[in-house]
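[1] just a sequence and a predicted model for now, questions to come.
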Amino acid sequence: MLLKITGSISVGFAFAGAILPVLPTTPFVLLSFYLFDKSDPKYREWLVKHPKLGPIVIEYLSDDGISKKAKIKALVILWSSILISVVFFIRNTIGQIVSLLAAVCVTTYLLSKKTKKETL
């Protein structure tokens, strides 16, 4: 039950991220997918079949990899939002360090994923 609730909250953040420029969409969609995958197949299928959010999950799960454009966009949004947060909003040094470390981990993970070959 907790996984479904957390997944639903994450979907809410994903929708907000589609509207707000400083809030990333993709990480919240993938988190929702993971949580729904572990908790409720019905919610998982809804997310995969969603017209706006589903393609993010499908691209992530495909063996083709993630497009270069998607990686660049994700990294620009990730680092922009982290740096804005660390400079203007997070006053606690430990919070700043944790935020930056999280961004480094996400960056490392994203760059380790296969990049989709562009077709002409």
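    Okay, I see it.
[2] please make it C-alpha for all contacts and neighbour counts, starting now.
    Noted.
[3] at the geometric centre of the chain, which residue do we find?
    In the chain, the centroid-proximal residue (Cα atoms, centre = their mean) is residue 27; its distance is 0.8 Å.
[4] what residues are up against that residue?
    Contact partners of residue 27, counting by Cα atoms under 8 Å, 6 or more residues apart in numbering, are residue 14.
[5] how about low-confidence regions in this protein?
    Counting by pLDDT under 70, the ranges of the chain that qualify are 22, 120.
[6] where do the helices sit along it?
    Applying DSSP state H to the chain gives helices spanning 2-19, 26-39, 41-49, 54-61, 68-84, 93-112.
[7] residues touching the first one, excluding its own?
    To tie it back to what came earlier, the one meant is helix 2-19. Applying Cα under 8 Å, 6+ apart, the set of residues contacting helix 2-19 from outside is 23-29, 31-33, 35-36, 38-40.
[8] how deep is residue 6 tucked in, by neighbour count?
    Using other Cα atoms under 10 Å, residue 6 is surrounded by 15 other residues.
[9] what's the burial count for residue 52?
    Burial of residue 52, expressed as a neighbour count using other Cα under 10 Å, amounts to 11.
[10] no no, residue 32
    28.
[11] can you check residue 44 too?
    Number of residues near residue 44 (other Cα under 10 Å) recorded here: 21.
[12] wait, what's in contact with the residue nearest to it when sequence neighbours are not counted?
    Excluding its sequence neighbours, the residue lying closest to residue 44 (Cα to Cα, 6 or more residues apart in numbering) is residue 36, at 4.9 Å. With contact taken as Cα under 8 Å, 6+ apart, residue 36 is in contact with 3-4, 7, 43-44.
[13] okay then, goodbye and thanks.
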